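J.: Pasted the sequence and its predicted model underneath.
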Amino acid sequence: MNHVTKGCAAALTGVALAACSPALDWRQVRPEDAGIEALFPCKPLTHARTVPLAGQPTRMMLHACSRGGLTFALTHAELQDPARVTPALGELRAAAAANLDGTERVVGAMQVPGMTPNPQALRLEVQGRRPDGSPLVQQVALFTKGTRVYQASVIGTRLPQEAVDSFFTGLRLL
């Protein structure tokens, strides 16, 4: 899990530092081989990394962009083994809080049409801080379809609820 935490934190921090324009220009994005359509407010960059997840090296894909001081990200991984799905969601949940050295609050169950029901499919809010100690907040959505796990997140100093809701309700499994 440490590699998941460090890898995701580094990628999100790098993308977060690139934030500039306050205008949100929403667009539908269908990342290749992701099985999902997402509504992003800017054109996401894609990064791939192999990390240990649920006991095995796993290729994770990250699609992220920053706009208006917020970073929007969608991470997904194909696990190929149903027994790894719930542990992987739990590890992603723990990493979300660890990435910000923060505390989590469960906002509620996450529902995406077509998802596979799972008790770890949740929407969370993490109150944490950047490495320099300044405050940071993140909302995270964890869900799955079959043996693919997903994590969608919005991170910033302050999260406008309208932007967070637009991002999460714009998720559509294919």
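T.: Right, received. Where do you want to start?

J.: how much space between residue 166 and residue 59?
T.: Remark: distance between residue 166 and residue 59 (Cβ to Cβ, to the nearest Å) = 29 Å. Yep, even glycine has a C-beta here, placed from its N, CA and C like the rest.

J.: Between the two, which is the more surrounded one?
T.: In this view residue 166 and residue 59 are compared by other Cβ atoms under 10 Å, and residue 166 has more residues nearby, 17 against 12.

J.: So for the helix or strand where the more buried one lies, what gets flagged as buried?
T.: Using DSSP states H and E, the element containing residue 166 is helix 161-169. Buried residues in helix 161-169, defined by neighbour count with 16 or more other Cβ atoms under 10 Å: 163, 164, 166, 167, 168.

J.: Next up, phi/psi of residue 130, please.
T.: As for residue 130, its main-chain torsions (degrees, to the nearest 10) stand at phi -80, psi 170.

J.: Give me the spatial nearest neighbour of it, chain neighbours excluded.
T.: In space, not counting the residues next to it along the chain, residue 130 is nearest to residue 136; the distance is 5.3 Å by Cβ to Cβ, 6 or more residues apart in numbering.

J.: so what strands line up beside the helix or strand where the one you found lies?
T.: Element membership of residue 136 [criterion: DSSP H and E] is strand 135-145. Strand 135-145 has the following strand partners under DSSP bridges: strand 122-129 (antiparallel), strand 148-156 (antiparallel).
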